[in-house]
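Student: sequence first, predicted coordinates after that:
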Amino acid sequence: MSIDPNAIGATTSPQIFEWTDRDTLLYALGVGAGTDDLAFTTENSHGVDQQVLPTYAVIACSPFAAVSKIGSFDFSRLLHGSQGIRVLAPLPPSG
């Protein structure tokens, strides 16, 4: 089976996704946050409240919920062209 072009715009049912403060810290480090970004890379610095990079919302989901809707394909040939998020409020460090 190949990719189904009729799957464009397909949606999935809502799914619960939970994360920890450790997950958001590791994400920040993984995308290049460093010593100048303590609010994103540490949860125990005096006087610095932990924050979450808004782009964490892109990965805070079930990774393959829609795969069954789009057909089969070789993942090594996959190109992620674009994705968008709308940030309405800061994400909590865990949730």
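Tutor: Received the coordinates, thanks.

Student: which parts of the helix ranked longest in the chain are buried?
Tutor: Determined from DSSP state H, the single longest helix within the chain is helix 21-30. Under the neighbour-count criterion of 16 or more other C-beta atoms under 10 Å, helix 21-30 has 23-25, 27-28 buried. In short, each C-beta sits where N, CA and C put it, glycine included.

Student: which elements pack onto that helix?
Tutor: In this structure, helix 21-30 makes packing contacts with helix 38-41, helix 56-59, judged by 3 or more C-beta pairs under 8 Å, 6 or more residues apart in numbering; DSSP states H and E.

Student: tell me the most buried of these?
Tutor: helix 38-41 (a mean of 18; mean count of other C-beta atoms under 10 Å).

Student: avg pLDDT for it?
Tutor: When pLDDT is averaged along helix 38-41, the result is 93.

Student: distance of the residue lying closest to Lys69 once chain neighbours are set aside from Thr24?
Tutor: Nearest in space to Lys69, with sequence neighbours left out and distances taken as C-beta to C-beta, 6 or more residues apart in numbering, is Ala10 at 4.5 Å. Relative to Thr24, Ala10 is positioned 29 Å away (C-beta to C-beta, to the nearest Å).

Student: name the nearest residue to Ile59, sequence neighbours excluded.
Tutor: That would be Tyr27: by C-beta to C-beta, 6+ apart, it lies 6.9 Å from Ile59.

Student: what lies in contact with stretch 42-55?
Tutor: For stretch 42-55, the surrounding residues in contact (C-beta atoms under 8 Å, 6 or more residues apart in numbering) are 21, 24-25, 27-28, 31, 33, 38-40, 85, 87, 90-93.
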